[in-house]
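Visitor: Quick one: sequence and predicted model below, then my questions.
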Amino acid sequence: MKRIFTRVIVVVLLLQFTFEVTAQTTVSGVIKAEDGSTLPGVTVQIKGTDLGTITDIEGNYKIDVPSDGTLIFSFIGMETIEKPVKGLSSINVTMVDGSQQLMELVVVGSRSTGRTKLETPAPVDIIDIKGQQMNMPQTDLAQMLVATAPSFAAFRSQGGDLSSHVDPPTLRGLAPNQMLVLINGKRRHTSALLAGTQTGSSANSVDMSFISPDMIDRVEILRDGAAAQYGSDAIAGVMNIILKEGTGKFSGSYTTGFNPNIAPNFTAEEKATLDDTQQALLADTEPDGFTHRLAGNYGLGFGNGGYFNISGMYKQTERTIRPNVLGESTTMYGTEYLTNQKTDTYGNPIITNPELVEAIATGAPAAEIAALQTDDGLLAARGLTRQDLSAWGGQPRTAQGVIGFNLGVPLSPNAEFYSFGDFGYKYLEGYSCYFRRPSQADRANFELYPNGFRPQMTSNQSNVALTAGVDGTMGDYRFDFSNTIGANSMQIGMFNTFNSSLQTESPTEMRLGTHAFTQNTTNFDVSRFFPDVLKGLNIAVGAEMRYENYKIVAGQAESYTAGDAGLYTASTDNELLIGPDGMPLEGLNSTPLVDGSGDPLSLDYAGVSRTFVKGYSPNCQCFRGFAPKNEADQSRYVTGAYLDMELDVTKSFLLSAAVRGESYSDFGGVITGKGAFRYSITDNFAFRGSASTGFRAPSLQELNYSHTYTFFIGLDPYDGTLYPNSSNVASAIGIGQLQEERASNVSVGFGAKFFKKLNVTVDAYMIKITDRLFSTDEFNASEAPVLAPIIGEGLASFRINGGDISSKGIEFVANYGTGVGAGSLDFTFSGIFRQNQFDKASVPALNTLLTTEQLEAKYIDRASIGQFEEGTPSTTMIASAIYSLGKFSTMLRGYYYGSVIDRASASAVLEDGSYPDQEFSPQTTVDLGISYQFSEMLGLTIGGNNIFNAIPDILIPRQRGIYLYSNYQQGSAGSYYFARLNFKF
């Protein structure tokens with residue numbers, strides 16, 4: 001592998017010394033529309049290079065270009081025009097009406113510049129963020145892309161530990177880390193967090209909330225395997241985010257909005273599953289989810305086409321609270337609490353119900369005294385309801401600020417220094433756990449929380465990304481040398497919590513640990529366009545070196561340790577572990593402390609021997625802190641090199657091929673390849689297709705993440721640990737080291753233009769992935785006795801190359817633009833029909849007592865397989881219409897989400913052998929945005945997301961847990977209405 005890398009570097013260096021200098025000329029001109037008005041923002045690019053400029057506010061441009069070169073003029077909604085220079089110093093162009101977006105030049109997927117969407121050999125979506133942002137109710141990039149690209153999704157959780165702290169983006173229903181994200185063509189670093197997803201396994205992904213839409217010109221989504229072109233992760237496709245370069249104007253916006261929190265419209269069947277207390281959920285509640293967002297962008301132009309474009313954004317979002325599962329039969333306080341019979345750890349009496357003491361002392365009526373000895377009576381006396389003492393589900397409270405910039409400085413007529421980056425901070429309070437009721441003696445404390453408590457998880461995240469480089473031409477060669485560094489850090493915390501084993505000595509707010517990820521990437525790329533080889537040949541070679549580091553830093557000691565309050569110390573030698581009722585004491589996970597014959601265990605020495613017993617729960621309630629045994633500080637180096645060629649055999653026939661080799665210091669090397677074609681039958685109809693191999697290396701997070709957690713089967717708590725594959729626990733049971741995922745990708749489709757106004761692309765694809773990463777279910781010592789000396793009563797799970805999967809589907813995009821009176825109307829209809837399938841499990845022979853069938857069910861749980869196959873809609877369609885007339889414009893967009901199925905875990909099997917799986921019916925939602933430009937400086941937009949308050953099906957009783965709704969389809973937030981002031985000067 002190193003030889004491959006070395007040879008490519010040698011080729012690159014030789015190419016530098018073979019540059020030939022050709023004559024340059026300065027060309028200027030003005031660009032106009034058909035009606036004679038000048039066009040600012042038109043892209044003027046030198047064919048076969050990445051060099052170019054844009055027209056100023058009066059439509060003027062100026063550019064240095066080889067005297068025998070060709071200029072390409074492109075603008076959204078206009079036909080692309082090519083003009084040979086032929087030594088001219090002035091070229092004026094009139095742009096004619098074309099198809100919305102489809103004729104815009106694309107960068108991703110091709111290293112031969114100057115191709116439009118219809119000319120690429122693979123499907124590319126272009127999302128005009130700069131143009132569409134004004135009318136969209138969505139304010140963050142990930143949700144904007146969800147609203148416009150049906151193949152794209154971003155999982156948004158209503159709770160569950162850290163799942164709501166990042167919205168993992170996915171493409172084609174594959175894992176978030178199987179899509180590569182680029183900024184201006186440079187690899188973006190991922191989040192430090194390994195978060196839950198709806199694709200069958202946890203994953204680390206790019207946190208797109210740190211990429212402000214206000215700094216973006218457009219987003220290109222390549223829906224095709226591209227590991228041979230861009231490296232690891234590009235299995236499902238590649239997203240390339242192009243930053244703004246505009247100068248001379250300030251643009252900004254202030255957005256405010258809220259969720260009206262309208263009561264769900266339950267069906268009669270759904271109402272029948274709700275008890276009397278849950279019927280209260282049918283009432284409208286107070287609006288929530290209030291959002292305030294202030295953003296701005298300004299570009300400063302200087303010397304010979306240089307620019308410095310800077311953006312800033314601050315956003316604050318209040319939480320939403322959505323229906324949760326309540327039950328009248330749930331014991332809130334308990335008899336001991338209500339009648340003041342509780343004692344502390346040392347046997348001292350505690351007054352838990354002072355209201356009862358006062359009522360008796362003042363001679364209150366017997367009915368009042370009796371009522372105070374019931375849950376509902378004491379709740380009423382304290383001004384509380386059962387809703388106040390319940391779990392919360394919904395979107396988290398956040399506060400976030402981001403600053404980003406894009407800089408270009410001409411160094412000479414043929415070279416430019418560039419730099420771009422962003423710096424951001426985000427604070428988030430998310431929902432995580434059920435409410436700890438006072439009746440739960442092992443998890444509550446009257447002195448700290450008289451009415452129980454609701455733990456809430458926080459994260460303080462910082463994010464930085466910075467790229468600097470030089471690109472340009474030397475003779476017929478283009479070159480680009482750059483370095484990109486990115487880092488993400490997340491400090492995890494908890495408030496409204498405590499460590500039960502420390503009782504009143506416990507802090508109620510804790511630092512649980514810090515995760516950090518750093519990535520540094522150096523790239524060198526050289527290419528040359530040979531116009532005389534048939535109809536044009538572009539050859540590109542390049543090399544990449546990447547350094548990655550992942551850290552877990554332990555939290556404060558109280559978050560992961562056990563105090564004396566949870567320990568039982570022997571008072572006599574050989575003391576049997578028997579409680580006051582004569583029954584064996586239970587361990588912290590509710591297991592009786594008995595030997596193999598069922599007899600109580602004993603403690604050998606008085607005052608010395610001790611063990612944990614049920615009664616008080618150690619560690620931070622809800623989420624155990626990361627302990628020193630979980631700490632990690634791991635690094636690796638990645639080197640890669642590629643060769644990429646595109647040949648226009650004829651004006652109608654394009655062939656492309658790429659090969660790439662990469663070497664990882666922690667697991668070895670991989671070589672991938674890709675071939676693609678496009679054949680134009682007419683100027684308006686072309687077939688295209690590709691075949692490629694790909695791979696994804698396990699991330700450092702996947703290789704090194706470890707955490708101990710508490711989960712419940714019924715009401716019984718169990719402690720489990722996710723162990724890294726390098727641990728002695730994994731070695732003992734026979735779990736091997738993680739290997740890379742390998743993929744093959746085949747696609748075929750066509751792009752067509754009908755009636756001059758209608759553009760259609762249709763593409764079919766098949767992706768096969770071997771050794772896809774999953775997580776196992778928990779193993780215990782009775783199933784694997786070899787683990788007993790290591791995990792004791794605990795449980796162990798692992799990350800594994802679980803099996804082979806496949807995904808196949810058909811995607812389509814149709815655009816139609818036309819004039820309506822004095823205005824313009826643009827329609828877009830797009831969709832995806834796909835099927836994900838788990839093909840085969842790869843279960844090794846492990847050191848367990850399980851049967852083959854039991855081991856396979858434990859190795860990859862049916863719930864994880866179900867999440868991948870049916871946890872996201874297999875059908876998604878989006879239809880939108882945008883109408884503009886003078887100062888007025890409106891956007892109407894409708895969404896269709898196909899059905900999904902929630903498969904229960906294997907442990908949830910019913911008595912008849914079936915499982916309580918649930919199918920969620922298809923959903924339809926509608927967005928609306930209406931804008932009016934009062935003046936050149938001020939405009940107003942009002943509208944909403946999901947304006948008709950469509951809500952997914954409620955969970956069936958056996959699937960509810962503590963939430964009434966799932967995270968599927970559009971989620972449970974309901975309607976969101978907004979107003980936005982847009983200003984320019």
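Guide: Arrived safely, thanks for sending.

Visitor: Please name the residues that touch Thr776.
Guide: If you count contacts by C-beta atoms under 8 Å, 6 or more residues apart in numbering, Thr776 has them with 735, 797-800, 802, 858-861. Just so you know, the C-beta spots here come from the backbone N, C-alpha and C atoms, and that holds for glycine as well.

Visitor: Please identify which helix or strand holds Gln737.
Guide: In the assignment (DSSP states H and E), Gln737 maps to no helix and no strand.

Visitor: Pro724 is in contact with that one, correct?
Guide: No. Between Gln737 and Pro724 there is no contact under C-beta atoms under 8 Å: 9.8 Å.

Visitor: Compare the two and say which is more crowded by neighbours.
Guide: Shown here are Gln737 and Pro724; by other C-beta atoms under 10 Å, Pro724 has more neighbours (20 against 14).

Visitor: any idea how far the more buried one lies from Ile350?
Guide: Applying C-beta to C-beta, to the nearest Å, one obtains 43 Å for the distance of Pro724 from Ile350.

Visitor: now Gln918
Guide: The value you get for Gln918 to Ile350, if C-beta to C-beta is used, is 43 Å.

Visitor: Look at the two and report which has more neighbours.
Guide: For Gln918 versus Ile350, neighbours defined as other C-beta under 10 Å are more numerous around Gln918 (18 against 15).

Visitor: who's that one bridged to?
Guide: Beta-bridge pairing for Gln918 (DSSP bridges): Asp902.

Visitor: and the nearest residue to Leu910 once chain neighbours are set aside, what does it touch?
Guide: Nearest residue to Leu910, sequence neighbours excluded (C-beta to C-beta, 6 or more residues apart in numbering): Pro916, at 6.5 Å. Contact partners of Pro916, counting by C-beta under 8 Å, 6+ apart, are 904, 908, 910, 956, 958-959.

Visitor: Show me which of those residues are buried.
Guide: Neighbour counting over those (16 or more other C-beta atoms under 10 Å) leaves 904, 959 as the buried ones.

Visitor: Note down every partner strand of whichever strand or helix holds Val748 and its orientation.
Guide: Assigned by DSSP H and E, Val748 belongs to strand 741-754. Strand 741-754 has the following strand partners under DSSP bridges: strand 685-696 (antiparallel), strand 758-775 (antiparallel).

Visitor: immediately after the lowest-mean-pLDDT helix or strand in the chain, which helix or strand?
Guide: Lowest mean confidence among the helices and strands of the chain (mean pLDDT, DSSP states H and E): helix 2-16, at a mean of 45. Counting by DSSP H and E, the next helix or strand C-terminal to helix 2-16 is strand 24-32.

Visitor: list the buried ones in that following strand?
Guide: 25, 27, 29-32.

Visitor: any idea how far it is from the chain center?
Guide: Its chain's C-alpha centre and that of strand 24-32 lie 43 Å apart, by C-alpha atoms, centre = their mean, to the nearest Å.

Visitor: For Gly404, report the pLDDT, please.
Guide: We have a pLDDT of 98 for Gly404.

Visitor: now do Phe435
Guide: 85.

Visitor: now swap in Ser706 and tell me
Guide: 93.

Visitor: Near it, how many other residues are there?
Guide: Neighbour number of Ser706 under other C-beta under 10 Å is 18.

Visitor: Can you pull the phi and psi angles for it?
Guide: The phi and psi values for Ser706, taken as degrees, to the nearest 10, are phi -150, psi 140.

Visitor: dump the residue contacts of Ile242.
Guide: Ile242 makes contact with 107, 184, 216-220 under the criterion C-beta under 8 Å, 6+ apart.

Visitor: Kindly reformat the strands paired with strand 741-754 as CSV and extend each row with distance to Thr53 and mean neighbour count.
Guide: Converted to CSV, the strands paired with strand 741-754 look like this (distance: least, C-beta to C-beta, whole Å; neighbours: other C-beta atoms under 10 Å):
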stretch, distance to Thr53, mean neighbour count
strand 685-696, 29, 22
strand 758-775, 27, 21
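
Visitor: With mean pLDDT added, can I get the ones you listed in JSON lines?
Guide: Shown next, in JSON lines, are those (pLDDT from 0 to 100):
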{"stretch": "strand 685-696", "mean pLDDT": "95"}
{"stretch": "strand 758-775", "mean pLDDT": "95"}
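
Visitor: Now do the domain split for the chain, please.
Guide: With automatic domain parsing as the criterion, the domains of the chain are listed as 250-329+388-562+619-984, 335-381.

Visitor: so Glu856 is in which element?
Guide: Per DSSP H and E: Glu856 is located in helix 852-859.

Visitor: just checking, what packs against the helix or strand just after that helix?
Guide: The element immediately downstream of helix 852-859 (helix or strand, assigned by DSSP H and E) is helix 862-870. For helix 862-870, the packing partners by 3 or more C-beta pairs under 8 Å, 6 or more residues apart in numbering; DSSP states H and E come out as strand 823-841, strand 900-902.
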